[in-house]
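Enquirer: Here is my input, please return the structure:
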Amino acid sequence: MSRTLRQSQHRSLRYVLLAIGWLSVALGVIGIFLPVLPTTPFLLLAAACFARSSERFYRWLTEHPRLGPWIRDYLDGNGIPLKGKVYAIGLMWLSIGFSCYLVQRPWAQAFMLTSAVLVSAYILKQKTLPSR
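Expert: Below is the predicted model:
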């Protein structure tokens, strides 16, 4: 898993990226325990932020024994497990459906449903990781 990391040359931007990265790690870890909060997208965001701000934290995240597997297969282009696809799409549609019920504004419902369709299409388009 050798990747070329391009760190930002701007010190202030690196600090912002580090802060967003660590916030994303925290939200990703919380998402492991709370089914309504996705884990993988936050960990992917953290990896992207760390790749541009700190090689040390990027390596720590991608090689972490508990957090690394959540993102390594995706980053390596191997795909997403079928169980993960079903879980992500199911929970997303459940939460979007509930949100559409609560928010009675047609423009907001249209935005949420369009987002859900696009995200579902993206997830389904990704390679499915074979069972191990």
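Enquirer: show me the contacts for the residue nearest in space to the middle of the chain.
Expert: Residue closest to the average C-alpha location in the chain (Cα atoms, centre = their mean): P41, at 0.6 Å. P41 makes contacts with G28, as judged by Cβ atoms under 8 Å, 6 or more residues apart in numbering. (Glycine included, C-beta is placed from N, CA and C.)
Enquirer: So in the protein, where's the weakest helix or strand by average pLDDT?
Expert: Here the helix or strand of the chain ranked lowest by mean pLDDT, DSSP states H and E is strand 80-81, holding a mean of 80.
Enquirer: This structure: helices as residue ranges?
Expert: Assigned by DSSP state H, the chain shows helices spanning 11-33, 40-51, 55-63, 68-75, 82-102, 106-125.
Enquirer: Work out the gap between the third one and the centre of the chain.
Expert: Same thing as helix 55-63. 16 Å (Cα atoms, centre = their mean, to the nearest Å).
Enquirer: cool, the fourth one as well?
Expert: If you compare the mean C-alpha spot of helix 68-75 with that of the full chain, they lie 10 Å apart, counting by Cα atoms, centre = their mean.
Enquirer: Which elements pack onto it?
Expert: helix 40-51, helix 55-63, strand 80-81 (3 or more Cβ pairs under 8 Å, 6 or more residues apart in numbering; DSSP states H and E).
Enquirer: how far off helix 55-63 does it point, in degrees?
Expert: Helix 68-75 runs at 90 degrees relative to helix 55-63, counting by axes from the mean of the first three to the mean of the last three Cα atoms, to 10 degrees.
Enquirer: Go ahead and name everything in contact with helix 68-75.
Expert: So helix 68-75 is contacted by 1, 3, 28, 39-40, 43-44, 47, 61-62, 79-81, 126, 129 (Cβ under 8 Å, 6+ apart).
Enquirer: Among those, name the buried ones.
Expert: Buried members of the contacts of helix 68-75, scored by 16 or more other Cβ atoms under 10 Å, are G28, T39, T40, L43, L44, A47, L61, T62, I80, L129.
Enquirer: Identify the residues contacting the fourth one.
Expert: In other words, L43. By Cβ under 8 Å, 6+ apart, the contact list for L43 reads S24, V25, G28, L61, L67, W70, I71.
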